[in-house]
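Student: What would the 3D arrangement of this be:
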Amino acid sequence: MATLLCTFSHLMIWYVLPFLSLILLGTSLALAFASAWTGIVFLVRPDILGKAYALVIAVYNFTFTLVPLAVGALRA
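Tutor: Next up, the predicted model:
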C-alpha cells in the first residue's frame, strides 16, 4: 500500500498541487516506516529486541547520511 501511495504521489506532483503530493508522500513514508518497525517484534527474539531496534536505527541513520552525499556527488 505504501509503495503504491508513494508512486502515485510522485506521479501526481506534476499534475496536481505539489503541496497535496507532498502530504501524500509523507503519509506513504509514514506507513512504510510503521510497517518496518512493527515487523521487528515478530522477527526477533524478545531477549535481543533492543539490539534489533538499535540496528534498524543505525541503518536508517547510515542511509540518511550517505544518500544525500551520493546525490551530491552524482549531481556535481
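Student: Every contact and neighbour count from this point should use C-alpha atoms.
Tutor: Will do.
Student: Local confidence estimate at the residue in the chain sticking out farthest from the centre?
Tutor: Distance from the C-alpha centroid of the chain peaks at residue 47, with 26.4 Å (Cα atoms, centre = their mean). Looking at residue 47, its pLDDT reads 95.
Student: which residues of the protein fall in helices?
Tutor: For the chain, applying DSSP state H gives helices covering 2-12, 18-43, 49-75.
Student: which of these is buried the deepest?
Tutor: helix 2-12 (a mean of 16; mean count of other Cα atoms under 10 Å).
Student: Tell me which other helices or strands that helix touches.
Tutor: Secondary-structure packing of helix 2-12 (3 or more Cα pairs under 8 Å, 6 or more residues apart in numbering; DSSP states H and E): helix 18-43.
Student: Run the angle between the helix it packs on and helix 49-75 for me.
Tutor: 140 degrees (axes from the mean of the first three to the mean of the last three Cα atoms, to 10 degrees).
Student: Nearest residue to residue 22 in space, ignoring adjacent ones along the chain?
Tutor: Among residues not flanking residue 22 along the chain, residue 9 sits closest, at 7.1 Å (Cα to Cα, 6 or more residues apart in numbering).
Student: So that neighbour sits against residue 26, correct?
Tutor: No. Residue 9 is beyond contact range of residue 26, at 9.3 Å (criterion: Cα atoms under 8 Å).
Student: before we move on, back to that, check contacts around the residue farthest from the centre of the chain.
Tutor: Shown in contact with residue 47 (Cα atoms under 8 Å, 6 or more residues apart in numbering): no residues.
Student: All further residue positions should be reported with the first residue as 56.
Tutor: Sure thing, new numbering starts at 56, so read that last one as residue 102.
Student: where does the protein have low pLDDT?
Tutor: Residue ranges of the chain with pLDDT under 70: none are present.
Student: quick revisit: how near is the residue farthest from the centre of the chain to residue 94?
Tutor: According to Cα to Cα, to the nearest Å, residue 102 and residue 94 sit 16 Å apart.
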